[in-house]
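Participant: Sequence plus the predicted model coming up.
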Amino acid sequence: MTSQLSSPWHPGEIALQQEVDAEEKMAEIGRRVIRDHLIEQHRIFFSQLCYVLLGSVDSQGHVWATIRSGTPGFLHSPDPHALVVQIGHDPDDPADPGISQGQAIGLLGIELHSRRRNRLNGVVTRRDLHGFTLAVVQSFGNCPRYIHRRDAHIPDGNMSGSICSAVAVAANEPLVRGIVARADTFFVATYADIDDQGRQVDMSHRGGPSGFIRLQDDGSMIIPDYNGNQYFNTLGNMLLNSRAGLVFPDFASGSLLQLTGDVDIDLTSDAIATFAGAERLWRFKPHSGVYRAGALPLRWKIRDGETLASG
């Protein structure tokens, strides 16, 4: 059996890889694809993006996921070990306080139109009014599965977005239930504190058919986990730390629903079979949330005839 010391994965990820008898295979893959720097292809990719997904942890240990935007080039890599993110502070964004010097954050660069995505976790080494620098701890690409193709545009050509206030929302109110019930895409932030390695924050994409999240009467959600690359970054973090943050973008309006709460993972129950294609489930119970109308200047249109990527 592969020892954890020889694997790039942390104990939560390894435990789930063991569940599917993939520990040795994933140890070899991980050593090949998990890097402590950005390869040139990824450095170029980030510089092309006009939006980025971020996950951070606030002073109470709650994790928040967010989407921020900018003119292409607002993300750039001055060297393979750093990524500069040129975004100012946003007092209405609950993820903003956790993006501070010395703190670990997770970052996901994704192009919905091309289904390309790259993940990065690291530590903020500089934060000022104009943005921050992220020192790379782990960097790796992801496959295009479960991403709906959408094309982004800016209706008025103004990348600054609208001025809006954050509105506190409860998990069970109609606004929240409606957004979640219609969703075919959301993004999730998780984190774990690893002995001798410090905090690792992960930012990830989740997609499925519209309505793939099953809402419960109390506002909690049951979410299927489909066949994937067996990295288990998200669920591995959840196994060690039950906190998670979700962000649901309204692609038509640029509005964001941001929720933070707790998670239970279900690996064995009969309920798994009630979700077509699911291999396991996780249950998310929000304990606080924020709705930000028109928070992003971008709008996305799904491509005609679009179906989920299968690989």
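Facilitator: Thanks, I have the structure now.
Participant: Could you give the bridge partners of T260?
Facilitator: On the basis of DSSP bridges, T260 is bridged to G245, S288.
Participant: separation between it and I272?
Facilitator: 25 Å (Cβ to Cβ, to the nearest Å). Where you see a C-beta, it was placed from the backbone N, CA and C, and this is true even at glycine.
Participant: Looking at the two, which one has more neighbours?
Facilitator: Shown here are T260 and I272; by other Cβ atoms under 10 Å, T260 has more neighbours (26 against 16).
Participant: Surely G261 touches W282?
Facilitator: No: applying Cβ atoms under 8 Å as the test, G261 and W282 come out as separate, 11.4 Å apart.
Participant: can you give me the strands in the stretch 201-311 of the chain?
Facilitator: Assigned by DSSP state E, counting those that start in this stretch, the stretch 201-311 of the chain shows strands spanning 214-215, 221-226, 243-249, 256-266, 278-292, 299-302.
Participant: mind checking which of those is nearest G73?
Facilitator: Closest to G73 of the strands of the stretch 201-311 of the chain, according to Cβ to Cβ: strand 299-302, at 20.4 Å.
Participant: which secondary structure elements does the closest one contact?
Facilitator: On a contact count with 3 or more Cβ pairs under 8 Å, 6 or more residues apart in numbering; DSSP states H and E, strand 299-302 meets strand 150-153.
Participant: from the middle of its chain, how far away would the lengthiest helix in the chain be?
Facilitator: If you go by DSSP state H, the chain has its longest helix at helix 23-33. Centroid displacement of helix 23-33 relative to its chain, using Cα atoms, centre = their mean, to the nearest Å, is 22 Å.
Participant: Which residues are in contact with E40?
Facilitator: P80 (Cβ atoms under 8 Å, 6 or more residues apart in numbering).
Participant: Distance check, it against K301.
Facilitator: Counting by Cβ to Cβ - E40 and K301 are separated by 31 Å.
Participant: Point out where the protein drops to low pLDDT.
Facilitator: Filtered on pLDDT under 70, the chain yields the residue ranges 1-6, 157, 159-163, 307-311.
Participant: Which helix or strand contains D193?
Facilitator: Assigned by DSSP states H and E, D193 belongs to strand 185-194.
Participant: buried stuff in that strand?
Facilitator: T185, F186, F187, V188, A189, T190, Y191, A192 (16 or more other Cβ atoms under 10 Å).
Participant: beta partners of the fifth one?
Facilitator: When assigned by DSSP bridges, A189 has beta-bridge partners M203, G245.
Participant: Sweet, I'm off.
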